[in-house]
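Participant: need a structure here:
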Amino acid sequence: PAFASEEEHGHEEEEGSAVELNVEQQIEAKIVVDQVQKREIAESIRLPGEVIVNAYRSSSVTPRISAQIVSRHVKLGDEVTKSQRLVTLSSIGMAEAQGGLIVADKEWQRVKKLGEQTVGEKRFTQAQVDRQQSFAKVIAYGMNSEQADALLKKGDASLATGEFDLLSPQDGTVLSDDFILGEFIEPGRTLIEITDESSKWVNAQAVPSLLPHVESGTPARIDVDGRWLGGKVIQLHHRLDEETRTQAIRIEVDNSGDLIHAGQFVEVEISVGDGEAVMAVPNSAVTMIEGQPNVFLREEGHEFHPTQIEVEATIGEWTVTDHGISLGDEVAVEGVFYLKSLLLKSSLGEGHAH
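Facilitator: Got it, this is the predicted structure:
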């Protein structure tokens, strides 16, 4: 039941009002109470931010020579591992390079078997150089060492078809695959982008005067639909934006839960210093009554009194106050909305509230 009370409780509260709930009713209403304490709260600033890919954990897969797309082996959103086949290409230039490698390797094997004294130093050296250059050429065109070695092991000139696979340079997720089968592509064209989704960057902007104590390694976090993800500052740009005169900040965030994605807008909170111990209550404990900030003070284990406080500052999830309540007081930190609704019902004369 809730009813008006005229008792004095030693705190500034709304005159003649209280909400009474026994232990069972408090449990049923999910009322949570905590003691008022002094807390060392790190000062912080809040800024809007945008999620971008972690460029240090991302790769672009591009051809090095003109080629035609023969087949794809992955699609957008697929998880891939390092050295996994992504796309098969066919190139006249690669076919010539593959054929040249097979010829050069056979010549080198023959000369090497005869020996330098038999064939002469010049021919021996030339055959060795030709083989090395031919091997380097197919690597430069897009094959890797294992693929080139496999071609030489078979030693079949008919295998110099010009087909070769582009392999994944890292573990990650396919972020884009902007191509179609049969398309003829030029060197440098990005076919596939891969990124490690477990780590993301968040870019934010702030005026330099807000960042005197911020440096690489400073703790930070981002708010994603009411859920906080931890991170840290990894970079502060040394050049200000010419239009806004703000300084860019880059934050690395653990995204192992896959909660954020590139292009998403979030709120950033960055610690800017360690504050001294102050009396504070969680923001969830504070509610506005008649335009003034109040907390519900519990007395005698069952009476909840709306008590006006003076807000000195709001730092992160904490409200700092030095007036209206005292250290050791018990205030409701959850279920405050329910208590407020009971109080309003009582003041409007709707009978006893439960």
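Participant: okay, CA-based contacts and neighbour counts for the rest of this
Facilitator: Fine.
Participant: hey, where'd the strands end up in the stretch 101-250 of the chain?
Facilitator: Using DSSP state E, counting those that start in this stretch, the strands of the stretch 101-250 of the chain run over residues 163-167, 172-176, 184-185, 192-195, 199-206, 219-224, 227-236, 247-254.
Participant: In a markdown table: those, plus mean neighbour count and mean pLDDT.
Facilitator: Converted to a markdown table, the strands of the stretch 101-250 of the chain look like this (neighbours: other C-alpha atoms under 10 Å; pLDDT from 0 to 100):
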| stretch | mean neighbour count | mean pLDDT |
| --- | --- | --- |
| strand 163-167 | 21 | 94 |
| strand 172-176 | 21 | 95 |
| strand 184-185 | 17 | 96 |
| strand 192-195 | 23 | 97 |
| strand 199-206 | 23 | 93 |
| strand 219-224 | 20 | 89 |
| strand 227-236 | 17 | 91 |
| strand 247-254 | 22 | 93 |
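Participant: would you turn the ones you listed into CSV with distance to residue 63?
Facilitator: Converted to CSV, the strands of the stretch 101-250 of the chain look like this (distance: least, C-alpha to C-alpha, whole Å):
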stretch, distance to residue 63
strand 163-167, 8
strand 172-176, 15
strand 184-185, 8
strand 192-195, 10
strand 199-206, 27
strand 219-224, 37
strand 227-236, 32
strand 247-254, 30
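Participant: which one of the ones you listed lies closest to residue 267?
Facilitator: Proximity to residue 267, assessed across those by C-alpha to C-alpha, is greatest for strand 219-224 (5.2 Å).
Participant: The closest one pairs with which strands?
Facilitator: Using DSSP bridges, strand 219-224 pairs in its sheet with strand 227-236 (antiparallel), strand 265-282 (antiparallel).
Participant: rewinding a little: mind checking which of the strands of the stretch 101-250 of the chain is nearest residue 33?
Facilitator: Closest approach to residue 33 among the strands of the stretch 101-250 of the chain (C-alpha to C-alpha): strand 227-236, 22.0 Å.
Participant: now the closest one: how far from the chain's centre is it?
Facilitator: Strand 227-236 sits 8 Å away from the centroid of its parent chain (C-alpha atoms, centre = their mean, to the nearest Å).
Participant: repeat for stretch 82-101
Facilitator: 36 Å.
Participant: cool, stretch 307-314 as well?
Facilitator: That offset, for stretch 307-314, works out to 34 Å (C-alpha atoms, centre = their mean).
Participant: In the stretch 251-354 of the chain, where is pLDDT below threshold?
Facilitator: For the stretch 251-354 of the chain, the stretches flagged by pLDDT under 70 are 273-275, 316, 349-354.
Participant: how near is the residue lying closest to residue 201 once chain neighbours are set aside to residue 77?
Facilitator: Leaving aside its sequence neighbours, residue 201 sits nearest to residue 252 (C-alpha to C-alpha, 6 or more residues apart in numbering; 4.7 Å). Distance, residue 252 to residue 77, by C-alpha to C-alpha, to the nearest Å: 22 Å.
Participant: do the same with residue 51
Facilitator: Residue 51 is 18 Å from residue 77, by C-alpha to C-alpha.
Participant: Comparing these two, which residue is more hemmed in?
Facilitator: Each of residue 51 and residue 77 has its neighbours counted (other C-alpha atoms under 10 Å); residue 51 has more, 22 against 13.
Participant: Could I get the buried residue list for stretch 127-145?
Facilitator: Neighbour-count burial for stretch 127-145 flags 127-128, 130-131, 134-139, 141-144 (criterion: 16 or more other C-alpha atoms under 10 Å).
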